[in-house]
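# I would like the atomic coordinates for the input below:
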Amino acid sequence: MSKDTFAAKIEEDFEKIFGELLDDREEYGGEFSCYYRDLNRGGIRRWIEHKKDLLKNIDVRGKRIADVGCGCGMISLFMSMNGGEVYSLDNSRDAIEAFRRIRLRVNRNLGIHQILGNAERMPFSDKTLDIVFSNQAISHYHELEQFISESHRILKQSGILVIVDGNNALNPYVSWKTKRMWGIFENGSEDMVVCGRKIPKSYVEIRKEIIQKRFPNLNEDELKKLAEMTSGLWGKEIIDAVERYLTVGAIPENHHKTGCPYCSPIDGSYPEQLIDVLRLREILKQQGFKVEINAKIGTRKPFGYLNPVLDILGDFGLLFTREFRIIGEKM
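Got it, this is the predicted structure:
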């Protein structure tokens, strides 16, 4: 069997598996059903072509790969079926559980190792991996520079870091849309729906509950004021800031970051950060990577035909696309 025939057989097999999972998507929890809410069987082939394009010129066969921020694991599954040994890492217990159930459904002896952990402290020894892959995940990382440093540490010499994300800060429309979403997470809205998903409570309401539990004697106006003043803080930071304010009148420090001004009061995660791709390139270079950036418009016809034009435009092409791909080779 030729290499192309073998690859086509794998894709056909994966398409069948993915279709069956989508038919029963509710069985795998909210993470899976929400993330793939708009995908049906007719769109799977386009999904496969998109992932093949992202991995273009990268041979995963026999490679040790960290899929960081793997979510429900469909890309991990795709890479493992193509011969990669994949370490699927995510900090969401719900996502890890969804992927565990998916693997049971698939019921194959694949090289997949699930890990509950975070991108800033990855549980791998130095220089042991061939590829670090992060798809639509870096905009959620709490310390992006630490993730890059960790990726450099765990990659072998000439190892590859692949970063793909759709929160391109250089695109004006993406920037406007993301900032609008930030406001809903922080302050709420009438329907409390973002990207088709219901948000139970706004961040300011959650901070208010945290403060009220620790300081039950505060009145409603004080609670509201302190919940607003502690925007951008999370966990113990909220309690410490309120204690300082009540004790010595110190105004809480503004922890707002350029990439996203708000974070979850519970775990510090970001709903979505805007990624300054050009700044990210400089960080990667400083950390010791040789970097290539591509603006990506997807593979759907006729738009896919524009990708070569975007390559010619270079950095200027990033103004027109939502998605970007970064390939970093460890020097």
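# which ones are touching Thr321?
The contact partners of Thr321, by C-beta atoms under 8 Å, 6 or more residues apart in numbering, come to Asn168, Asn171, Ala295, Lys296, Ile297, Leu310. From N, CA and C alone the C-beta is placed, and that goes for glycine too.
# quick one: secondary structure of it?
Reduced to three states with DSSP: H, G, I helix; E, B strand; the rest coil, the structure at Thr321 is coil.
# endpoints of stretch 21-38, how far apart?
Taking C-alpha to C-alpha, to the nearest Å, stretch 21-38 runs 14 Å from one end to the other.
# start the count at 73 instead of 1 going forward.
Sure, I'll start counting at 73 from here, so that last one is stretch 93-110.
# list the contacts of it.
Counting by C-beta under 8 Å, 6+ apart, 111-113, 116, 143-144, 146, 164, 166-167, 169-170, 173-174, 177, 268-269 sit against stretch 93-110.
# ok so, going back, just checking, which of the contacts of Thr393 belong to helices?
Residues of the contacts of Thr393 located in helices (DSSP state H): Leu382.
# the stretch 173-322 of the chain: helices as residue ranges?
Taking DSSP state H, counting those that start in this stretch, the helices of the stretch 173-322 of the chain run over residues 216-226, 244-259, 275-286, 292-301, 308-320.
# got those helices as TSV, with distance to Ile82, mean pLDDT and mean neighbour count columns?
As requested, these are exported to TSV (distance: least, C-beta to C-beta, whole Å; pLDDT from 0 to 100; neighbours: other C-beta atoms under 10 Å):
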stretch	distance to Ile82	mean pLDDT	mean neighbour count
helix 216-226	27	96	20
helix 244-259	33	90	15
helix 275-286	43	95	18
helix 292-301	51	94	16
helix 308-320	47	93	15
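# could I get the ones you listed as CSV with distance to His122?
Below are these laid out as CSV (distance: least, C-beta to C-beta, whole Å):
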stretch, distance to His122
helix 216-226, 23
helix 244-259, 18
helix 275-286, 32
helix 292-301, 41
helix 308-320, 38
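# do you know which of those lies nearest Val234?
helix 216-226 (9.9 Å; C-beta to C-beta).
# against which helices or strands is that closest one packed?
Applying 3 or more C-beta pairs under 8 Å, 6 or more residues apart in numbering; DSSP states H and E, we find helix 216-226 packed against strand 136-140, strand 201-207, strand 227-237, helix 349-358.
# ok, of the contacts of Thr393, which one's closest to Gln345?
The closest of the contacts of Thr393, once distances to Gln345 are taken by C-beta to C-beta, is Asn240, at 11.1 Å.
# the closest one and Val246 touch, don't they?
Yes - using C-beta atoms under 8 Å, Asn240 makes contact with Val246 at a distance of 5.3 Å.
# what sits closest to Arg225 if chain neighbours are left out?
Asp198 (5.6 Å; C-beta to C-beta, 6 or more residues apart in numbering).
# what's the neighbour count on the closest residue to Asn190 other than its chain neighbours?
Spatial nearest neighbour of Asn190, excluding adjacent residues (C-beta to C-beta, 6+ apart): Asn163 at 4.5 Å. Neighbours of Asn163 under the rule other C-beta atoms under 10 Å: 20.
# state the pLDDT value of Asn163.
Asn163 carries a pLDDT value of 90.
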